[in-house]
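Chemist: Pasting a predicted model and its sequence here:
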Amino acid sequence: MDPDTMRGDGGDIYWRRRMSVLVAVLVVVAVVAWACSTTGSGPQRTSSAQSSPSNSTSSTGSGTSSEPAPDPLLAGLRTLAMGTAAPSPSPTPKSSPVERHRNPGEPCVEEELVLSLQGGREQIYAGDARPGFMVTLVNTGSVMCTADVGPRAMEVRITSGADRIWSTADCVSGEGAEVKELQRGVPYVRSLEWDRRRSSSDCRAEPAAALPGTYVAVARMGKMRTPKGVFHLR
């Protein structure tokens, strides 16, 4: 055989062997790469599949993206700090005092009585004319009550400045008490006349006559006072 031919055939065989080795190496590398890629992608798919329900639950429950659920302890502390953990109890309204039931015939209370005085308002009494007055007491309560309307308890007093001139409470014979039954809305009326003389607690036999001037008459009963009635003596 020709030596050149042997040399050429030997060169081809050499390169064919080199190509076979290179192809084998590439195949091994491809197999290893495929195996690694398959092994690495398996857990990722599993992790993705496992995390998917959590994400869907979070989005369904909260209506937002996958934010972590708030810590209940922190939420409770935040609520307490804002003052909304427990609503403060509303103040209990005070109950109005219940009016005591009153039986008919019990003593009247001043809050249920109306006292008034008529006469003597800017009147002028000349000569021997005597001032006249009318005292009225009305029960505005719900039932009949009793009251002392005697001259001491229901007093008419006449003054001139700081001078006490005359009073029905002076020189009263006996106890001076006069208890009356006052029906609801029915006035008790007492009329009286002043003799134009002074009175005093020592009940002197001959009281002095009042001088001409300006006088004031007021009816009094307990803490009740009527408006002033001003009149003049001539």
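Modeler: Thanks, I have it.

Chemist: now the strands: where do they sit in the chain?
Modeler: Here the chain has its strands, by DSSP state E, at 106-107, 113-118, 123-125, 132-139, 145-148, 155-160, 163-167, 179-182, 188-193, 213-221, 224-225, 229-233.

Chemist: Using CSV, list the CA coordinates for the second one.
Modeler: Below are the C-alpha coordinates for strand 113-118, written out as CSV (Å, rounded to 0.1, in the frame of the first residue of the first chain):
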residue,chain,number,x,y,z
LEU,A,113,-100.2,77.6,98.3
VAL,A,114,-100.8,81.0,96.7
LEU,A,115,-101.2,84.0,98.9
SER,A,116,-102.4,87.4,97.7
LEU,A,117,-103.5,90.7,99.1
GLN,A,118,-106.0,93.2,97.6
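
Chemist: Give the buried residues for it.
Modeler: By 16 or more other CB atoms under 10 Å, the buried positions in strand 113-118 come out as 113, 115, 117. Bear in mind the C-beta positions are built from the backbone N, C-alpha and C, glycine included.

Chemist: Which one of those residues is nearest to Gly150?
Modeler: Distance to Gly150 across the buried residues of strand 113-118 (CB to CB) is lowest for Leu115, with 14.2 Å.

Chemist: do you know how far the closest one is from Val138?
Modeler: 8 Å (CB to CB, to the nearest Å).

Chemist: List just the one of the strands of the chain that sits closest to Pro207.
Modeler: The nearest among these, by CB to CB, is strand 163-167 at 8.6 Å.

Chemist: List the neighbouring strands of the closest one plus their orientation.
Modeler: Partner strands and pairing direction for strand 163-167 (DSSP bridges) are strand 155-160 (antiparallel).

Chemist: how far off strand 229-233 does the strand it pairs with point, in degrees?
Modeler: If you take axes from the mean of the first three to the mean of the last three CA atoms, to 10 degrees, strand 155-160 sits at 50 degrees to strand 229-233.

Chemist: Where does pLDDT dip in this protein?
Modeler: For the chain, the stretches with pLDDT under 70 are 1-100, 120-121, 204.

Chemist: 50 - rerun?
Modeler: Across the chain, the ranges flagged by pLDDT under 50 are 1-8, 41-66, 73-74, 77, 80-81, 83-86, 95-98.

Chemist: Could I get the full set of helices for this structure?
Modeler: Listed in chain order, the helices of the chain (DSSP state H) span 3-62, 72-81.

Chemist: who's in contact with the closest residue to Ala147 other than its chain neighbours?
Modeler: Nearest non-adjacent residue to Ala147, counting by CB to CB, 6 or more residues apart in numbering: Cys108, 4.5 Å away. By CB atoms under 8 Å, 6 or more residues apart in numbering, Cys108 lies in contact with 139, 141, 145-147, 182.

Chemist: Just the buried residues of the residues you listed.
Modeler: 139, 141, 145, 147, 182.
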